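# A structural model of the following input is requested.
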Amino acid sequence: MNTEMVISLAEKGVYTTIIVCAPLLLLALGIGLAVSIFQATTQIQEQTLAFVPKIVAVLVGMIFFGPWMLERLISYTLDIFTNLTRFVG
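Numbers count the residues shown, from 1 in each chain. Next up is the predicted model:
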């Protein structure tokens, strides 16, 4: 296994991680921004108000995006296990 294979494998792993995490992170970002704007316009200074909508949104996002995320992760894992002999030998 040469350095090019290691870099390619690490790059693919990081790319898969970013692609899988992005929908939930963007969802939490959008909800957090909306709640922050709401808090700023109404002058509510409650710190815990932002957490509950984000948690609910991420849970709903996991239900909605979960099958797609699982499919991507299984595809990556199968690719790793299929090419395991190339990596070791």
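
# Is the residue nearest to residue 24 when sequence neighbours are not counted part of a helix or strand, or is it coil?
Counting by C-beta to C-beta, 6 or more residues apart in numbering, residue 61 is the residue found nearest to residue 24 once chain neighbours are left out, at 5.0 Å. To be clear about C-beta, it is placed using only N, CA and C from the backbone, and glycine gets the same treatment. Under the three-state scheme (DSSP: H, G, I helix; E, B strand; the rest coil), residue 61 adopts helix.

# Now do the contacts for residue 61.
When contacts are counted by C-beta atoms under 8 Å, 6 or more residues apart in numbering, residue 61 touches 23-24, 27.

# Show me what counts as buried in the one helix or strand residue 32 maps to.
Assigned by DSSP states H and E, residue 32 belongs to helix 3-42. Buried residues in helix 3-42, counted by 16 or more other C-beta atoms under 10 Å: 16, 20, 23-24, 27-28, 31, 35.

# Stretch 53-67 now?
Quick answer for stretch 53-67 (16+ other C-beta under 10 Å): 54, 57-58, 61, 65.

# Just give me the closest of the residues you listed to residue 45.
Comparing those against residue 45 with C-beta to C-beta places residue 54 closest, at 17.5 Å.

# For the residue most central in space within the chain, give its distance to residue 29.
Centroid-nearest residue in the chain: residue 21, 0.7 Å away (criterion: C-alpha atoms, centre = their mean). Distance, residue 21 to residue 29, using C-beta to C-beta, to the nearest Å: 12 Å.
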